[in-house]
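A.B. asks: just coords:
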């Protein structure tokens with residue numbers, strides 16, 4: 001009987017972590033589709049997006 005002990009909290013944490021990763025990937029995909037750039041390096045993409053735009 002003691003060999004069938006299941007740690008519910010660890011399974012819950014694993015599921016929560018997988019859900020967060022999936023949501024992050026979905027958000028990242030939506031972000032990339034909305035603002036496609038020619039840069040392939042993620043850091044450069046972010047820098048390019050948040051650069052101050054010159055005033056006209």
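C.D. replies: That came in fine, so what should we check first? Note that this is a predicted model, so its numbers are computed, not measured.
A.B. asks: quick one, longest helix in the chain?
C.D. replies: In the chain, with assignment by DSSP state H, the single longest helix is helix 8-34.
A.B. asks: Now do it, average pLDDT.
C.D. replies: Helix 8-34 shows an average pLDDT of 88 in the prediction.
A.B. asks: In that helix, which residues are buried?
C.D. replies: For helix 8-34, burial by neighbour count (16 or more other CB atoms under 10 Å) applies to no residue. Placement of C-beta: from N, CA and C, glycine included.
A.B. asks: for it, packing partners?
C.D. replies: On a contact count with 3 or more CB pairs under 8 Å, 6 or more residues apart in numbering; DSSP states H and E, helix 8-34 meets no helix or strand.
A.B. asks: can you rerun that using 10 Å?
C.D. replies: Helix 8-34 is packed against helix 42-49, with contacts defined by 3 or more CB pairs under 10 Å, 6 or more residues apart in numbering; DSSP states H and E.
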